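Participant: quick one, structure for this:
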Amino acid sequence: MAESSSKRDRRFELLLGRLLRTGFLLSAAVVLLGGVLYLIQYRQRSPQYQIFRGEPADIRYARDVLRDAFRGHSRALIQLGLLLLIATPIARVAFSVVEFARERDWLYVATTLIVLAVLIFSLAGR
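Facilitator: Presented below is the predicted three-dimensional model:
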């Protein structure tokens, strides 16, 4: 017997909810780990609020963030957590494309692909 539409929709909603919750919790854990390491590493320094310093050049690009995060650098871990937080809703949209394609709902596939393309373009654009 085929699975009813409402059961499929409910399962899809539960999977999306789990994806968003997992992405958020994972990003929060990575930011927390990086924050604790940062506080341990820089606990002796007093902040100089009168001088503005942007992000260091070594954590401006995703490949550099990943490299430094796996080396245990605290700032890169914080940045990685933020990247994971940004990637969570993008993963939700990508997951929706797959689900709509599985249901053969081509209008929603096309619409969701456009949304995904806009999201990726807005992040990759300079």
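Participant: please make it C-alpha for all contacts and neighbour counts, starting now.
Facilitator: Will do.
Participant: how about the helix or strand bottoming out on mean pLDDT in the chain: buried residues?
Facilitator: One helix or strand of the chain scores below all others by mean pLDDT, DSSP states H and E: helix 62-70, with a mean of 89. By neighbour count on 16 or more other C-alpha atoms under 10 Å, the buried set for helix 62-70 is 65-66, 68-69.
Participant: enumerate every residue touching F100.
Facilitator: 106, 108-109 (C-alpha atoms under 8 Å, 6 or more residues apart in numbering).
Participant: that one and F12, how far apart?
Facilitator: According to C-alpha to C-alpha, to the nearest Å, F100 stands 10 Å off from F12.
Participant: where in this structure is pLDDT low?
Facilitator: Residue ranges of the chain with pLDDT under 70: 1-3, 125-126.
Participant: longest helix in it, please.
Facilitator: helix 5-41 (DSSP state H).
Participant: got the angle between that one and helix 62-70?
Facilitator: Helix 5-41 and helix 62-70 are oriented at 60 degrees to each other (axes from the mean of the first three to the mean of the last three C-alpha atoms, to 10 degrees).
Participant: which helices and strands sit right next to helix 5-41?
Facilitator: helix 74-102 (3 or more C-alpha pairs under 8 Å, 6 or more residues apart in numbering; DSSP states H and E).
Participant: and the angle for the helix or strand just after the helix it packs on with helix 74-102?
Facilitator: Next helix or strand after helix 74-102 toward the C-terminus (DSSP states H and E): helix 106-124. Interaxial angle, helix 106-124 versus helix 74-102 (the same axes, to 10 degrees): 160 degrees.
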